[in-house]
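Asker: No letters, just coordinates:
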RNA sequence: GGAGGGAUGGCUGAGCGGUUGAAAGCACCGGUCUUGAAAACCGGCGUGUCGAGAGGCACCCAGGGUUCGAAUCCCUGUCCCUCCGCCA
């Protein structure tokens, strides 16, 4: 959520900045609600003050009246009147505050100055490339064909037991999948200073409000049929970032977590997109990096975090490029996002494998995630960041395709061999 | 699943329906003292929100209710603890 003070004190400037992402801030609605809020709040608080003062004086007044043998009913009646007036004012104020709050909850974050202009993914800007896409001297197969030979990658049986957009992995590929997870976790904990956390895969509504998936993106989530309003997590970002909801972080910042979780997405609105293969699934695994940092450190932290994700691809010798998302393509809660795209030979292009974002204080404000600034001694909002490090299914896909040989076998990257009991290649048909 | 007991400021922990936004201790900050530190002593010290400011308002798990007045009474929910049962 944006700082309400900023929005009401400078609505035109905020609207201008939000237009960069194609969002139209309803300034007149906002101003009108704000005006109502102000006058109602004034009135309510004045009445509350009156009631409080009156109630305070009542103890003595009643005692005095009783001693004098007077009727105390009139004293009570005045209190009753005040009570009712306060109630009414409070209700009106609450209604306006709710309207204001629910509007603000659906306003996206202000994009960073460095975010390129543009309204579609075509306007994203490439920052850097690493590695050379391999030249193949034989017809390239995609991972679906490569995996189908020994049933290592089986979409049909997954359809039977669940439905479309699910996969079953078997044998070497299942092991490779597990190896990737271990490898990523080990790298981030041992080399990049992250603490590993294991978290719930089911979260409540408050958690999703905190990170910004709700209230606006309910249709992307799997909701459980349960009166407790449970949802399957769409990313580890939700449980991990919520670790510090309504918290004043005591640890020295930055606090860095890495977590491996499954992710569940209904992918509403993506029908017909990437229907083949592992790219877009209802269930996939991800190793996620999350950081809580001092506000003045978050820009640097995003560069660092992105480099941590890139390090995995470098160790796996998978060619990639890093792009910065333009205003129109950036996520709801993010101020700045780098996508890392890995080379996918069968598609002859780079495809997203990680998304690293700085949310500034946007999530922190919703979460009430704070730290105690030693300079002021006061609790202040901190900044949150996260990034995939990496999406496991897509990494598996990239390995299978980039490391394929003419006979359909797949070479195991050196970095993964220790996790594969020394296996050198996954044999072809 | 059954039976009890809890939830108060960064932590521990008092709190009679009215003078309690909240005792006390710890921690923390400032000062005195000291060559320095510790100890001792003095003072300060919750969060949010509105306001230019003075100051106001809200908050004692959450939501309802009773009352002129609720941290204190009632109801519902959530979470935690103890005992019994069951269980990967």
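Answerer: On my side now, so go ahead. Being a predicted model, the structure only gives us computed values, none of them experimental.
Asker: what sits against residue A:356?
Answerer: Residues in contact with residue A:356, defined by Cβ atoms under 8 Å, 6 or more residues apart in numbering, are A:289, A:302, A:305-306, A:309, A:337-340, A:385-388. All C-beta atoms are positioned from the backbone trio N, CA, C, and that covers glycine.
Asker: Neighbour-wise, which one of those residues leads?
Answerer: Of all these, residue A:385 has the most neighbours under the rule other Cβ atoms under 10 Å, reaching 30 neighbours.
Asker: ok, it to RNA strand B distance?
Answerer: Applying Cβ to the nearest atom of the strand, to the nearest Å, the value for residue A:385 to RNA strand B is 22 Å.
Asker: do residue A:251 as well
Answerer: According to Cβ to the nearest atom of the strand, residue A:251 stands 12 Å off from RNA strand B.
Asker: Name the SS class of that residue, please.
Answerer: Secondary structure state of residue A:251, per DSSP: H, G, I helix; E, B strand; the rest coil, is coil.
Asker: what's the neighbour count on it?
Answerer: Residue A:251 is flanked by 10 other residues according to other Cβ under 10 Å.
Asker: quick one: it from residue A:371, how far?
Answerer: Between residue A:251 and residue A:371 the distance, using Cβ to Cβ, to the nearest Å, works out to 9 Å.
Asker: Ok, residue A:422 next?
Answerer: Residue A:422 sits 46 Å away from residue A:371, going by Cβ to Cβ.
Asker: Give me the distance between the helix or strand hosting residue A:389 and the centre of its chain.
Answerer: Using DSSP states H and E, residue A:389 sits in strand A:383-391. Its chain's C-alpha centre and that of strand A:383-391 lie 8 Å apart, by Cα atoms, centre = their mean, to the nearest Å.
Asker: which secondary structure elements does it contact?
Answerer: Other helices and strands packing on strand A:383-391, by 3 or more Cβ pairs under 8 Å, 6 or more residues apart in numbering; DSSP states H and E, are helix A:171-190, helix A:237-241, strand A:283-293, helix A:298-315, strand A:349-360, helix A:362-367.
Asker: And for the residue of chain A at minimum distance from RNA strand B, the neighbour number?
Answerer: RNA strand B sits closest to residue A:79 of chain A, with a gap of 2.4 Å, by Cβ to the nearest atom of the strand. Residue A:79 has 16 neighbours, counted by other Cβ under 10 Å.
Asker: Correct me if wrong: it contacts residue A:55.
Answerer: Yes - shown here, residue A:79 and residue A:55 form a contact pair, counting by Cβ atoms under 8 Å, at 6.6 Å.
Asker: about what we covered before: secondary structure element for the residue nearest to the residue of chain A closest to RNA strand B when sequence neighbours are not counted?
Answerer: In this structure, residue A:79 finds its nearest non-sequential neighbour in residue A:54, 6.0 Å apart by Cβ to Cβ, 6 or more residues apart in numbering. Residue A:54 belongs to helix A:27-67 when elements are defined using DSSP H and E.
Asker: just checking, what packs against that helix?
Answerer: Under the contact definition 3+ Cβ pairs under 8 Å, 6+ apart, helix A:27-67 sits against helix A:4-9, helix A:11-19, helix A:73-105.
Asker: residues in chain A within reach of RNA strand B, list them.
Answerer: Within reach of RNA strand B by Cβ under 7 Å from any atom of the strand, chain A has these residues: A:4-5, A:38, A:41-42, A:44-46, A:48-49, A:51-56, A:58-59, A:62, A:76, A:79-80, A:82-83, A:248, A:250, A:370, A:377-379.
Asker: So residue A:219: helix, strand or coil?
Answerer: Going by three-state DSSP, the secondary structure assigned to residue A:219 is helix.
Asker: Can you give me the neighbour number for the nearest residue to it once chain neighbours are set aside?
Answerer: Take residue A:219 and drop its neighbours on the chain: the residue closest to it by Cβ to Cβ, 6+ apart is residue A:268, 4.3 Å away. By other Cβ under 10 Å, 11 other residues sit near residue A:268.
Asker: Next up, phi/psi of residue A:268, please.
Answerer: Taking degrees, to the nearest 10, you get phi -60, psi 140 for the backbone angles of residue A:268.
Asker: Tell me if I'm right that it and residue A:220 touch.
Answerer: Yes - with contacts counted by Cβ under 8 Å, residue A:268 reaches residue A:220, the gap being 5.8 Å.
Asker: could the helices and strands packed on helix A:27-67 go into a markdown table alongside mean pLDDT?
Answerer: Shown next, in a markdown table, are the helices and strands packed on helix A:27-67 (pLDDT from 0 to 100):
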| stretch | mean pLDDT |
| --- | --- |
| helix A:4-9 | 89 |
| helix A:11-19 | 93 |
| helix A:73-105 | 87 |
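Asker: Need those helices in TSV (columns: distance to residue A:166).
Answerer: Listed next are the helices and strands packed on helix A:27-67 as TSV, based on distance: least, Cβ to Cβ, whole Å:
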stretch	distance to residue A:166
helix A:4-9	42
helix A:11-19	37
helix A:73-105	32
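Asker: what sits against the spatially closest residue to residue A:12 that is not a sequence neighbour?
Answerer: Using Cβ to Cβ, 6+ apart and skipping the chain neighbours, the partner closest in space to residue A:12 is residue A:27 (6.6 Å). Neighbour list for residue A:27: A:11-12, A:15 [criterion: Cβ under 8 Å, 6+ apart].
Asker: Is residue A:151 in a helix, a strand, or coil?
Answerer: Here residue A:151 takes the coil state, with states given by three-state DSSP.
Asker: How about the contacts made by the residue nearest to it when sequence neighbours are not counted?
Answerer: Excluding its sequence neighbours, the residue lying closest to residue A:151 (Cβ to Cβ, 6+ apart) is residue A:170, at 5.7 Å. Shown in contact with residue A:170 (Cβ under 8 Å, 6+ apart): A:150-154.
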